[in-house]
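Enquirer: Sequence plus predicted model, see below.
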Amino acid sequence: MQGFWRFLYKNWSLLFFGLLLTFFSSFGQTFLISLYIPSLEQFFSLSNTEISSMYATATMASAFTLPWLGKLVDTLPLRRFVLLVILGLVVACLGFSFIQLSLLLIPAFYGLRLFGQGLMSHTAITTMARAFEADRGKAIGISTTGHSMGEAILPFLISLVILNAGWRTALRIEALLLFVLVLPLLLILLRGQSKPVLYPRVDESSKQGTSRNPLLLFKDRKFWIIGPTVFILGFMNTAVFFYQLKFGASRGWAPEWMAGSLAFFALGGALSMVIAGPFVDRLSAKRLFPLVLFPYLIGVLLLALGQSRLIYPLALVCLAVSNGAGSTIKNALFAEVYGTEIIGAVRSMFTTIMVFSTALGPLSFGLLLDAGWSFGQVFLLSAAVLLAIIIWSWLRYKRL
């Protein structure tokens, strides 16, 4: 424990840099965007399938863009890359706040998803994976607690703003925070960092092909071992949170209870991220990888079968353990399997798979719900898919 605090003290500025990026990536995450959905549906007169289809289209577009922009973190100076990402999200928030036509929701969602969920998280975790080797698990675990902090703090605050000032004002406040507070602070935290962190360069080796064309990763069999777990986590997370209020209504649970329960998800995710770090450093991410989806399977079964409102926070804790520990494990796994020289290109490709899955999650749930399926039936189907991927991971992980 003493070594952990010494590590934290010695590297606080870079760790805080990563934490800030993951925290404010919440502006492009589904759990926060979902708070705008009722207002958007009402203002633009949209159905479940219509708005989820728009969200899916925008998310898939951001997924296909991400490999080509995400790989630039391997070559561009980090300060310049961060500046471009934050300004991109500022423009996305402001643009969203002024739209009057429903079709413009697609580019609006696209900007939030690409620069928020995609590139901000990607920048944080790629930087941690590159900057640390022996302590990579701890660094990723600490920096990614920003996701959980965002889940715990921001939904309540944004909900209050939407309720009292409207969804347009909430988006403008987000843009102002990013430009006035977040961007200057991030640039200050990068002062004094080492040149390999600030000015990454891809080694001229046989690996450069993947850096130039991330699609070459599809030819690697290791990709197909890791890919299904990355896909299903994004798919399920987005679907669950996109329809969380409607799911609660189907069980007779108040919206306030659903929103308040997110604190359990945030706390469980934060603790599991940090706790997983030392285990990754000691045991390796490869050995821990097959365990990632077990808690998630339990949580989905609870959602499918439980009727008491106490089931919801308990299920969220199970989901959070898979998400939190899984985030630390899989991001360390990318560095272990592929090395740090092309970590930006590799991670951007896996992030693309994850973002692509987040597009399909709400759309798939929306189609099944509009076809007459109950939430219980949808979650039971999801549990079957999770079990199949768990078996696949156990059978194949030794080949990583």
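Expert: Now that the structure is in, tell me what you want to look at.

Enquirer: State the pLDDT value of Val240.
Expert: pLDDT recorded at Val240 is 92.

Enquirer: Start at 57, not 1
Expert: New numbering, starting at 57: the last item is Val296.

Enquirer: Spatially nearest residue to it, not counting backbone neighbours?
Expert: Distances taken as C-beta to C-beta, 6 or more residues apart in numbering put Leu375 closest to Val296, at 7.1 Å, once the chain neighbours are dropped. Heads up, the C-betas are built off the backbone N, CA and C, glycines and all.

Enquirer: The one you found contacts Phe321, doesn't it?
Expert: Yes: counting by C-beta atoms under 8 Å, Leu375 touches Phe321, with 6.5 Å between them.

Enquirer: what residues does stretch 410-422 touch?
Expert: Stretch 410-422 has contacts (C-beta atoms under 8 Å, 6 or more residues apart in numbering) with 86, 104-105, 108-109, 111-116, 118-120, 122, 169, 173-174, 286-295, 298-299, 434.

Enquirer: What average pLDDT does that stretch get?
Expert: 82.

Enquirer: Likewise for stretch 193-207?
Expert: Averaged across stretch 193-207, the pLDDT comes to 85.

Enquirer: List the buried residues of that stretch.
Expert: For stretch 193-207, the buried set under the neighbour-count rule, 16 or more other C-beta atoms under 10 Å, comprises 193-207.

Enquirer: Going by distance to Arg224, which of those residues wins?
Expert: Gly206 (21.1 Å; C-beta to C-beta).

Enquirer: what about that closest one, which SS state?
Expert: Here Gly206 is recorded as helix under DSSP: H, G, I helix; E, B strand; the rest coil.

Enquirer: Closest to the centroid, which residue in the chain?
Expert: When C-alpha atoms, centre = their mean is applied to the chain, the residue found nearest the centroid is Gln173 (5.7 Å).

Enquirer: dump the residue contacts of that one.
Expert: 81, 84-86, 118, 411, 414.

Enquirer: now it, nearest residue through space, not along the chain?
Expert: Of all residues not flanking Gln173 in the chain, Gly84 sits nearest, at 4.0 Å (C-beta to C-beta, 6+ apart).

Enquirer: same thing with Ile218?
Expert: Using C-beta to C-beta, 6+ apart and skipping the chain neighbours, the partner closest in space to Ile218 is Ala226 (5.1 Å).

Enquirer: and that neighbour, how many neighbours?
Expert: Close neighbours of Ala226, defined as other C-beta atoms under 10 Å, add up to 25.

Enquirer: try Glu312
Expert: For Glu312, using other C-beta under 10 Å, the count is 10.

Enquirer: and it, what pLDDT?
Expert: On pLDDT, Glu312 comes in at 82.

Enquirer: how close does it sit to Glu97?
Expert: Here Glu312 is placed at a distance of 20 Å from Glu97 (C-beta to C-beta, to the nearest Å).

Enquirer: Then Pro252?
Expert: Distance from Pro252 to Glu97, counting by C-beta to C-beta: 48 Å.

Enquirer: same check, this time on Ser118
Expert: From Ser118 over to Glu97 the distance is 21 Å, taken as C-beta to C-beta.

Enquirer: who has more neighbours, the two?
Expert: Ser118 (28 against 14).

Enquirer: So the more buried one is in contact with Ala164, correct?
Expert: No: look at Ser118 against Ala164 with C-beta under 8 Å: they stay out of range, at 11.6 Å.

Enquirer: Lowest mean pLDDT among the helices and strands, pick that one out for this protein.
Expert: Within the chain, no helix or strand scores below helix 264-268, which has a mean of 53 by mean pLDDT, DSSP states H and E.
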